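**Student:** Turn this into a model:
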Amino acid sequence: MSKLNIVILAAGAGTRMHSSLPKVLHLLAGKPLLMHVIDTARLLSADRICIVYGHGGDLVKQSIRGDDLIWVKQEPQLGTGHALLQTKPYLDQDGLTLVLYGDVPLVSVHTLKELILKTEQEFCALLTAQLENPTGYGRIVRDEQSQSISAIVEQKDGNVEQLRIKEINTGVMIIPNRYLHTWLPQLDNNNAQQEYYLTDIIALSVEHGVKVASTQPQNLWETIGVNSKRQLAELERIYQTEYAYKLLDQGVGLADPTRIDIRGDLICGTDVGIDVNCIFEGTVKLADNVRIQSHCILKNVTVSAGTVIAPFSLIEDAEIGENCRVGPYARIRPGTKLSTKVHIGNFVEVKNSQIASTSKVNHLSYIGDTQVGENVNIGAGTITCNYDGANKHQTIIEDNVFVGSDTQLVAPVTISKGSTIGAGSTITKDTRENELTLSRAKQLSISGWKRPIKQKK
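**Tutor:** Just a heads-up that it's a prediction; the model follows:
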């Protein structure tokens, strides 16, 4: 296979975004636009990936990492042809160069492979599309007899007849390097925009008798670019809907495919059910028969078989075991690992803790930096006091412990096997096995005390 160079043009200012953030760093499905394109380029096994940057360049380079990326600065920005010219020293003398765009994030690997197959070292090839309303796009002009591509005419340079054409240039093209090295220096800016158009490469190709082939994408939305936040929002919905349909085709049950957001990878087993308005970030794995009820947020989470996540729960960087029940309104923070049949009640927060099988943390409790054994019951309003103002300390709760409601466990402390903690206690010392431990002030009734009365103004 020929060497493949990929150039991603990402130098545009993006003024219509009305943002100080460079356009290519705006997020689509939780990932920068440019990162979508880079990930696709990497799947094509390119020999070199060059990124042409300009506006907000330092921030773009800091935000996008990769030892396989070659960064090329375009300054000033004088058009797409000028942008590609800046990469000339980094392109191989032979092979092919594929041109992509940092603000066209959803072009697929399949579509690009089809485009690459259209060239055989002798041809240039374009990705084109048919639009009912082609306004704003460069038009594909074809020879009337052979129907081969003879030119690309930009909107501002087209005549009335040319502007009626509905086949447009997406900007994605592949060019043999042996032609590219010769033609790039020949580009001029004799046009309405006074810019160096990359599309003039096609005119040079025709002039030199080099065939220009074309192909079209599987889906029209693959070619949509982002120039405004409105377009970004529209593309977000397209992305999410397509992802939802893929999940449905795999057998995942979605209450409403228009009300789910996946900002990463969602991997599902069989008979998984997801209710409305759930958000999945990073890598989330849901095993067989998992139920995610409405309005939940999961980020980098593994949920084992048979578990139910009740509404309005937030889980991040955690492992949830089999047949657990979490929530509603639970917050599971990073470093947490729940074993099998664990119950986390409503308004419970768990952080950096391991909870063994069949244990329960009931409502309105905070468990932080804690090792919880098997068959433990932690009553409502219990708090592990893990922070002394400077350092974090660990609480250990061994098997078969019962902690009464409204208890404070002041770490470092061990609640020994079989212990019972009386409600309303503050525990500062290790307890003895199988005994009741409590710490309460003596109850008093004060004679003659009267409740304050609100004073009249």
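
**Student:** Low-confidence ranges, the protein, go.
**Tutor:** When residues are selected by pLDDT under 70, those of the chain lie in 1, 120-122.

**Student:** one more time with 50
**Tutor:** Low-confidence segments of the chain, defined by pLDDT under 50, are absent; every residue clears the threshold.

**Student:** Now for the spatially closest residue to residue 394 that is not a sequence neighbour: which residues touch it?
**Tutor:** In this structure, residue 394 finds its nearest non-sequential neighbour in residue 369, 5.1 Å apart by Cβ to Cβ, 6 or more residues apart in numbering. Every residue, glycine included, has its C-beta placed from N, CA and C. Residues in contact with residue 369 (Cβ atoms under 8 Å, 6 or more residues apart in numbering) are 351, 352, 353, 384, 386, 392, 393, 394, 395, 411.

**Student:** Next up, the contacts around the fifth one.
**Tutor:** With contacts defined as Cβ under 8 Å, 6+ apart, the neighbours of residue 386 are 368, 369, 370, 392, 393, 394, 395, 411.

**Student:** from the middle of its chain, how far away would the helix or strand containing residue 99 be?
**Tutor:** According to DSSP states H and E, residue 99 maps onto strand 96-101. Chain-centre distance of strand 96-101: 24 Å, with Cα atoms, centre = their mean, to the nearest Å.

**Student:** Also stretch 341-361?
**Tutor:** Distance of stretch 341-361 from the chain centroid (Cα atoms, centre = their mean) equals 28 Å.

**Student:** what's the span of stretch 243-259, first residue to last?
**Tutor:** In stretch 243-259, first residue to last residue: 12 Å (Cα to Cα, to the nearest Å).

**Student:** Then stretch 18-32?
**Tutor:** The stretch stretch 18-32 measures 17 Å between its terminal residues, going by Cα to Cα.

**Student:** ok, and what's touching it?
**Tutor:** The contact list for stretch 18-32 (Cβ under 8 Å, 6+ apart) reads 10, 12-14, 17, 33-34, 36, 55-57, 59-60, 63-64, 102-103, 105-106, 226-227, 229, 232, 235-236, 239-240, 243, 261-264, 281.

**Student:** Type out the PyMOL command that picks the buried ones from the residues you listed.
**Tutor:** To isolate the buried subset of those in PyMOL, counting by 16 or more other Cβ atoms under 10 Å, use the following:
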select buried, resi 10+12+14+17+33+34+36+55+56+57+60+64+102+103+105+106+226+227+232+235+236+239+240+243+261+262+263+281
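
**Student:** Looking at the contacts of stretch 18-32, which are in helices?
**Tutor:** Judged by DSSP state H, the subset of the contacts of stretch 18-32 located in helices is 33-34, 36, 57, 59-60, 63, 229, 232, 235-236, 239-240, 243.

**Student:** In stretch 405-420, which residues are buried?
**Tutor:** Under the neighbour-count criterion of 16+ other Cβ under 10 Å, stretch 405-420 has 405-411, 413-417, 419-420 buried.

**Student:** Looking at the residues you listed, which is nearest residue 202?
**Tutor:** Of all the buried residues of stretch 405-420, the one sitting nearest residue 202 is residue 411; the distance, using Cβ to Cβ, is 70.1 Å.

**Student:** list the contacts for the nearest residue to that closest one once chain neighbours are set aside?
**Tutor:** Taking Cβ to Cβ, 6+ apart as the measure, residue 411 lies nearest to residue 393, with 3.7 Å between them; neighbours along the chain are not counted. Contacts of residue 393 were listed using Cβ under 8 Å, 6+ apart, and they are 369, 386, 387, 411, 412.

**Student:** could you dump the residues you listed to a markdown table with distance to residue 331 and secondary structure?
**Tutor:** As requested, the contacts of residue 393 are arranged in a markdown table below (distance: Cβ to Cβ, whole Å; DSSP: H, G, I helix; E, B strand; the rest coil):
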| residue | distance to residue 331 | secondary structure |
| --- | --- | --- |
| 369 | 15 | coil |
| 386 | 15 | coil |
| 387 | 17 | strand |
| 411 | 20 | coil |
| 412 | 24 | coil |
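
**Student:** from these, which single one is nearest residue 425?
**Tutor:** Using Cβ to Cβ, residue 411 comes nearest to residue 425 of those, at 14.8 Å.

**Student:** Give me the distance between that closest one and residue 304.
**Tutor:** Computed with Cβ to Cβ, to the nearest Å, the distance linking residue 411 and residue 304 is 28 Å.

**Student:** that older thread, most widely separated two among the contacts of residue 393?
**Tutor:** Of all pairs drawn from those, the one with the largest separation by Cβ to Cβ is 387 and 412; the distance is 11.7 Å.

**Student:** Contacts for stretch 152-170 next, please.
**Tutor:** The set of residues external to stretch 152-170 that reach it, using Cβ under 8 Å, 6+ apart, is 104, 107, 126-132, 134-142, 191-193, 197, 199, 202-203, 217, 223.
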